[in-house]
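>>> below are the sequence and a predicted model for it; my questions follow.
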Amino acid sequence: MSNNEREGRARQPLTKQQRQKLRRKRKIRRNLWTLTVCVLLLGAAVLLIMNGNIGGSPDHPSGAVTPGPTPEGAATIAESTPGADELGDPSGELINAGNATAAATATPEPTPPPTPMPVPTPEPTPVKLKFPYYVEVDRGKQVVTVYTLDEVGEYRHIVRQMICSTDSFNRKPPNGVYKLDGQKLRWLTTVATPRSYAQYATRIASKILFHSLPYKTKKPNDLDVKAYNALGTNDSIGCIRLLCDDAKWIYDNLVPGTPVRFVSNARDEDLLKRLAPPPLIGGQWDPTDPDERNPDYDGSYVKPAVTPWLGVTPAPTPSWKAATYK
């Protein structure tokens, strides 16, 4: 077909059917293009969602793509990155987006120090004490105080304090330290007139003894009530009068040679009040007398036992070194 024939055919008007067919073809082509573009956009969106980059994250700008694994032999991301500060990381290190928060907040727990092994306390070695007690008779206070050894081996630990009555002249024996004679009598008969009796007597020296309050006869139910009420005052001829339970304690516990010191200090009314004897009940028995026949026995007066400190070597105190102690 020649060119003239083509031009002539081209100039011929299209029929109605031909025009409709042409429009359909054009519409189909547009729809195909639109569908293709939509599929491409949908695929791109799916890829972005899978990579977790839609909207950005706290560690990366919006739209940034998280780098994948570095192929073997290729340069690392850190080496190819212009600078960590450009990525918003002030530490200068590239942090994976998924671990950024944990790395920023994690604090290593301190290692607890090792528990030291306790040092066992050595058991004290008991020593046999030649003189476990030291006695002080205070004429001014009208109190007898018994000491035993403390943890450093000196007589400072109070074992027992007792209200007493010393001599009316306040001079027998003279102040000083004496070695306890140690002679003991279950019942003492005095040489005074009229004659009287006392329980649990322990000789200090010469005619000076520790003993109970006097009795009119040699019977524990015949107490001298006047002497009982005079406790805490200078009322004896020379001996140290004590409640029955206190006299018995000295009788049972002090050994010959025990140092006994006589002193004269200021009177202490508060101490005397604490050591005051229990009230008389029937008036015939000392209420501290542990005799099983005693109907007036007052068990509240019993004092707890105190034993000498063990594991120390007795050391002389100034009282031991006094010139009168021989």
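Thanks, I have it.

>>> in the stretch 51-200 of the chain, which spans are strands?
With DSSP state E, counting those that start in this stretch as the criterion, the stretch 51-200 of the chain has strands at 133-138, 143-149, 155-165, 176-179, 184-189, 197-205.

>>> which elements pack onto the first one?
Pointing back at strand 133-138 there. Under the contact criterion of 3 or more Cβ pairs under 8 Å, 6 or more residues apart in numbering; DSSP states H and E, strand 133-138 touches strand 143-149, strand 155-165, strand 259-263. In short, each C-beta sits where N, CA and C put it, glycine included.

>>> re earlier: do you know which of the strands of the stretch 51-200 of the chain lies nearest residue 305?
Residue 305 lies closest to strand 155-165 among these, at 8.4 Å (Cβ to Cβ).

>>> what are the buried residues along that closest one?
Neighbour counts over strand 155-165 (16 or more other Cβ atoms under 10 Å) mark 155, 157, 159, 160, 161, 162, 163, 164, 165 as buried.

>>> in TSV: the helices and strands packed on strand 133-138, plus distance to residue 113 and mean pLDDT.
Output for the helices and strands packed on strand 133-138, formatted as TSV (distance: least, Cβ to Cβ, whole Å; pLDDT from 0 to 100):
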stretch	distance to residue 113	mean pLDDT
strand 143-149	41	93
strand 155-165	40	93
strand 259-263	52	94
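
>>> for residue 206, find the nearest of the ones you listed.
Of all the helices and strands packed on strand 133-138, it is strand 259-263 that lies closest to residue 206, at 12.6 Å by Cβ to Cβ.

>>> adjacent strands (with direction) for the closest one?
strand 133-138 (parallel), strand 176-179 (antiparallel) (DSSP bridges).

>>> deepest of these, which one?
Counting by mean count of other Cβ atoms under 10 Å, strand 133-138 has the highest mean neighbour count of those, with a mean of 23.

>>> so what's residue 138 bridging to?
Under the criterion DSSP bridges, residue 138 forms beta bridges with residue 143, residue 263.

>>> how's this protein carved up into domains?
Using automatic domain parsing, the domain parsing of the chain gives 21-54, 133-301.

>>> next one: the residue positioned nearest the centre of the chain from residue 233, what distance?
Here the mean C-alpha position of the chain is nearest to the C-alpha of residue 118 (Cα atoms, centre = their mean), at a distance of 15.7 Å. Using Cβ to Cβ, to the nearest Å, residue 118 is found at 55 Å from residue 233.
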